[in-house]
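Chemist: Give me coordinates for this.
(4 chains)
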Protein chains: 2
Amino acid sequence: MATKDLLNDLKPIQVNTRVDLVESQIREYLDKKGLRAGDTLPTEMELSEALAVSRNVLREGLSRLRMLGLIESKKKRGMTLTSPDILGSFERVLNPQLMDNATLQNLFELRLVLESGLADLLFLRKTEADIKELEAIVKREKPAATDVFRVNSEISFHGKLYEMTGNETLKRFQIMLLPVFDYVIKNENRSIRSNITHADLVEILKSGTKEEFVLAMREHLRPHYEYLKP
Amino acid sequence: MATKDLLNDLKPIQVNTRVDLVESQIREYLDKKGLRAGDTLPTEMELSEALAVSRNVLREGLSRLRMLGLIESKKKRGMTLTSPDILGSFERVLNPQLMDNATLQNLFELRLVLESGLADLLFLRKTEADIKELEAIVKREKPAATDVFRVNSEISFHGKLYEMTGNETLKRFQIMLLPVFDYVIKNENRSIRSNITHADLVEILKSGTKEEFVLAMREHLRPHYEYLKP
DNA sequence: TATATTATTTTGTAGAACATATTATTTTTT
DNA sequence: AAAAAATAATATGTTCTACAAAATAATATA
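Modeler: Prediction:
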């Protein structure tokens, strides 16, 4: 079918609104000028004149950049560039209800990949205190509930792992992915049993090697991988 | 110092602008009403009246949601909810020049974690064709350049690995992280030599086991980990 | 009935005006 | 002359009105 191919090959021409143009032009401007956090921008009047748009349209564009944390503005002082909160924007968009299934699945996998790859950072930065806390968490788990990744034990145990990496971005990322993970699992009604328990993982973290941990973590996650499509 | 503690404990009161309120209120509204992709929103006039703000302010808020890909609008038809492009917003913000050092470092590590955790997905989805392409890429590499992760071989080889996961989100994520990775490496002038080459990795993918690959990949990335702070 | 024309509706854009907060300047007071 | 108070100036925040443009609905015409 030629028409079907066409639909795939050429995506519909989208008329960029003036605001879209403002946004990209300003972003280009920042890049071109090599501006950095702290630098000041021209005033709204100057910008709107230079771009030949109304102040209204300009402000709609600026509003976007403000939301992303790229700029801040104060009365009389004007606008300044700021270090954006890179996960802030991500957070606004991560609503399982609105995401299509493919993306949900992708994010589910993304999280598995992350967990599988934590080993080195963990061994680099684990402390005695961390191990003790993990042991406490494991102790608190109900003995009957062998299911891993179930909401309760999930948040505390795996969350603690992320925390131990000392990587704030990673940690926040995990928290943001939690609802997605939960959503997928619930929707597919998966039953999850692993040969490697949380307790086993802690034990290896405590007195095992990195290599052992890598393999153990994979084994711990295996049930999840088994649900993935080839 | 009491003042210093205070600065840490209580963050400055930020007067939310009307636009900020509009944004969060509309987001709340969507959530509360349980609206999904495809559903239509009230008109701008209705919304601005309900929120008691000018149409201008309302539009600044909507502009943000539009940027995030949460809503689309057409003349006469009004606005509809859409599945957001979750990485689109991320992309807009990932400018190494604007990010603070801690975040750069975090993203660098994030990428290492991802690469370390790819093994299972790769073994789940690799094909003959993939392996052949990898071999071709390795063949093209200059024999003198044993440095891994250097821009050229990096983009093609590691990029191909991500591609093989069949996870579009993951793949795009990697592309977005490339500049960050490059930026960090250049700034720290790291010399990188690994015992495991790309060729080795391909060989294991071809006729080795998952476990071998996991360990090989870690070894391949080891030089990078060695630069990380404990 | 089919087609052409004309409203109607809703978003997109523009311009002017005023409010508000913050800095800069001037005036007054001591 | 120095300090304090009052005033002006400036840039962002907000509102209002008006019109353009596109897509749909309604009507008139062949």
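Chemist: Let's verify residue A:80: helix, strand, or coil?
Modeler: Following DSSP: H, G, I helix; E, B strand; the rest coil, the label given to residue A:80 is strand.
Chemist: And for it, the neighbour number?
Modeler: Per other C-beta atoms under 10 Å in any protein chain shown, the neighbour tally for residue A:80 reads 15. C-betas here are computed from N, CA, C, even on glycine.
Chemist: again with residue A:125
Modeler: The local packing count at residue A:125 equals 15, with neighbours defined by other C-beta under 10 Å.
Chemist: Angles on the backbone of it, please.
Modeler: phi -130, psi 0 (degrees, to the nearest 10).
Chemist: Residue ranges in chain A under the pLDDT threshold?
Modeler: With pLDDT under 70 as the threshold, chain A has low-confidence stretches at A:1-15, A:143-153, A:189-192.
Chemist: List of residues touching the longest helix anywhere in it?
Modeler: The longest helix of chain A (DSSP state H) is helix A:168-188. Counting by C-beta atoms under 8 Å, 6 or more residues apart in numbering or on different chains, the neighbours of helix A:168-188 from elsewhere in the structure are A:86-87, A:90-91, A:94, A:96, A:99, A:104-105, A:107-108, A:110-111, A:114, A:121, A:149, A:151, A:154-155, A:158-159, A:162-163, A:165, A:192, A:227, B:102-103, B:106-107, B:109-110, B:113.
Chemist: Show me just the buried residues among these.
Modeler: For those, a burial check counting by 16 or more other C-beta atoms under 10 Å in any protein chain shown picks out A:86-87, A:90, A:94, A:96, A:99, A:104-105, A:107-108, A:110-111, A:114, A:121, A:149, A:154-155, A:158-159, A:162, A:165, A:192, B:103, B:106-107, B:109-110, B:113.
Chemist: So which bits of stretch A:217-230 are buried?
Modeler: Under the neighbour-count criterion of 16+ other C-beta under 10 Å, stretch A:217-230 has A:217, A:218, A:220, A:221, A:223, A:224, A:228 buried.
Chemist: Run through the residues that contact residue A:126.
Modeler: With contacts taken as C-beta under 8 Å, 6+ apart, residue A:126 has the following neighbours: A:164, A:205.
Chemist: got the phi/psi numbers for it?
Modeler: As for residue A:126, its main-chain torsions (degrees, to the nearest 10) stand at phi -60, psi 150.
Chemist: Now do the helices in chain A.
Modeler: Ranges of helices within chain A are A:2-9, A:18-33, A:44-51, A:55-67, A:86-93, A:101-116, A:119-125, A:128-140, A:151-153, A:159-164, A:168-188, A:198-207, A:210-227, based on DSSP H.
Chemist: now those helices in a markdown table, with distance to residue B:60?
Modeler: Written out in a markdown table, the entries for the helices of chain A read as follows (distance: least, C-beta to C-beta, whole Å):
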| stretch | distance to residue B:60 |
| --- | --- |
| helix A:2-9 | 34 |
| helix A:18-33 | 10 |
| helix A:44-51 | 13 |
| helix A:55-67 | 4 |
| helix A:86-93 | 15 |
| helix A:101-116 | 27 |
| helix A:119-125 | 40 |
| helix A:128-140 | 45 |
| helix A:151-153 | 37 |
| helix A:159-164 | 35 |
| helix A:168-188 | 25 |
| helix A:198-207 | 47 |
| helix A:210-227 | 42 |
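Chemist: Quick check: which of those is buried the most?
Modeler: Highest mean neighbour count of those: helix A:55-67, a mean of 23 (counted as mean count of other C-beta atoms under 10 Å in any protein chain shown).
Chemist: Can you check what angle separates that helix from helix B:86-93?
Modeler: Here helix A:55-67 runs at 100 degrees with respect to helix B:86-93, directions being taken by axes from the mean of the first three to the mean of the last three C-alpha atoms, to 10 degrees.
Chemist: roughly how far apart are residue A:208 and residue B:228?
Modeler: For residue A:208, the distance to residue B:228 equals 21 Å [C-beta to C-beta, to the nearest Å].
Chemist: how's chain A carved up into domains?
Modeler: With automatic domain parsing serving as the domain definition, the record reports that chain A contains domains spanning A:2-81, A:89-228.
Chemist: Out of those domains, which gets nearest to DNA strand D?
Modeler: Proximity to DNA strand D (C-beta to the nearest atom of the strand) singles out domain A:2-81 among the domains of chain A, at 3.6 Å.
Chemist: if we can go back for a sec, nearest to DNA strand C, of the domains of chain A?
Modeler: Put simply, out of the domains of chain A the one that sits nearest DNA strand C is domain A:2-81, at 3.1 Å, with distance taken as C-beta to the nearest atom of the strand.
Chemist: what about the closest one, distance to the chain center?
Modeler: With C-alpha atoms, centre = their mean, to the nearest Å as the basis, domain A:2-81 stands 24 Å off its chain's centre.
Chemist: With DNA strand D in mind, check whether that domain reaches it.
Modeler: Yes - using C-beta under 7 Å from any atom of the strand as the criterion, contacts between domain A:2-81 and DNA strand D involve A:41, A:43-45, A:55-56, A:59, A:73-79.
Chemist: Among those, which one lies nearest to residue B:67?
Modeler: Distances from residue B:67 to these, taken as C-beta to C-beta, are shortest for residue A:59 (13.6 Å).
Chemist: Apart from its neighbours in sequence, what residue is nearest that closest one?
Modeler: residue B:60 (6.1 Å; C-beta to C-beta, 6 or more residues apart in numbering or on different chains).
Chemist: got the residues of domain A:2-81 next to DNA strand D as TSV, with distance to residue B:22 columns?
Modeler: Putting the residues of domain A:2-81 next to DNA strand D into TSV (distance: C-beta to C-beta, whole Å) gives the following:
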residue	distance to residue B:22
A:41	23
A:43	24
A:44	19
A:45	24
A:55	18
A:56	15
A:59	13
A:73	17
A:74	20
A:75	20
A:76	24
A:77	24
A:78	23
A:79	20
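Chemist: Just flag the most distant two among those residues.
Modeler: The two members of the residues of domain A:2-81 next to DNA strand D with the most space between them (C-beta to C-beta) are A:56 and A:77, at 21.6 Å.
Chemist: In chain A, what residue comes closest to chain B?
Modeler: The shortest separation between chain A and chain B is 2.8 Å, found at residue A:117 (distances taken as C-beta to the nearest C-beta).
Chemist: is it true that that residue touches residue B:116?
Modeler: Yes - Residue A:117 is within contact range of residue B:116, at 3.5 Å (criterion: C-beta atoms under 8 Å).
Chemist: and residue A:52, how many neighbours?
Modeler: Applying other C-beta under 10 Å, we find 8 residues neighbouring residue A:52.
Chemist: Name the residue closest to the centre of chain A, please.
Modeler: Among the residues of chain A, the smallest C-alpha distance to the mean C-alpha position (C-alpha atoms, centre = their mean) belongs to residue A:173, namely 3.8 Å.
Chemist: Is stretch A:193-209 positioned near chain B?
Modeler: No - using C-beta under 8 Å from any C-beta of the partner chain, no contact is recorded between stretch A:193-209 and chain B, whose separation bottoms out at 11.0 Å.
Chemist: How about residues contacting that stretch?
Modeler: Everything outside stretch A:193-209 that qualifies as a contact, by C-beta under 8 Å, 6+ apart, is A:122-123, A:126, A:131, A:134-135, A:137-138, A:141, A:146-148, A:153, A:157, A:212-213, A:216-217, A:219-223.
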